[in-house]
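Peer 1: Need the 3D shape of this:
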Amino acid sequence: MARPHLTFAMRTITIWTSQTICDQTAMKRPFAFIPLLLIAFGAGLPSHVAAASDNTFTITIKDHRFDPSELEVPAGKKLKLVVKNLDATPEEFESHDLKREKIIAAKGQATINIGPLKPGTYKFVGEFNESTAQGRIVAK
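Peer 2: Model prediction:
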């Protein structure tokens, strides 16, 4: 039996197959093993990793303003807030309500973990341009 080894992220998987099946599969469908790899690597991940993408929200900063200026999110869940700064100058995301502050580099982005939030409104500002960079998160 052939024992091909696949190495990915410091893990090695040995796939036991007969040479005939490998040769036939490789000739007919060269990428037929990809679903197997996805299942093998996905099975080892904690369940909260898959759910994280469902609770990721993005806010952009452009012309020293947040877009959207109001973001509606689910209450009672942990969230990831991705803040993208499209301006040529840095900005500081600050929220006393959320107890978070983070400097976002010019043309950069940052991820801010928040929550779980109780239902309500949580204000945030861009501290370097507070007169224009204002917004709020509404947890429902």
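Peer 1: Can you tell me what sits against the helix or strand containing residue 111?
Peer 2: Counting by DSSP states H and E, the element that carries residue 111 is strand 109-114. Applying C-beta atoms under 8 Å, 6 or more residues apart in numbering, the external contacts of strand 109-114 come out as 78-85, 93, 98, 100, 102-104, 137. Where you see a C-beta, it was placed from the backbone N, CA and C, and this is true even at glycine.
Peer 1: which of the residues in it are buried?
Peer 2: Buried residues in strand 109-114, defined by neighbour count with 16 or more other C-beta atoms under 10 Å: 112, 114.
Peer 1: Assumed residue 138 was part of a strand.
Peer 2: Yes: per DSSP: H, G, I helix; E, B strand; the rest coil, residue 138 lies within a strand segment.
Peer 1: residues in contact with it?
Peer 2: 70-73, 120-122.
Peer 1: cool, and residue 117?
Peer 2: Counting by C-beta under 8 Å, 6+ apart, residue 117 makes contact with 73, 75-77, 79, 98, 137, 139.
Peer 1: got a winner among those residues for most neighbours?
Peer 2: Per-residue neighbour counts (other C-beta atoms under 10 Å) across these peak at residue 137, which has 23 neighbours.
Peer 1: which non-adjacent residue is nearest that residue?
Peer 2: Nearest non-adjacent residue to residue 137, counting by C-beta to C-beta, 6 or more residues apart in numbering: residue 122, 4.5 Å away.
Peer 1: Partner strands of the helix or strand containing that neighbour and their direction?
Peer 2: Here residue 122, judged by DSSP H and E, is contained in strand 120-126. Strand 120-126 has its sheet partners listed here by DSSP bridges as strand 91-95 (antiparallel), strand 134-139 (antiparallel).
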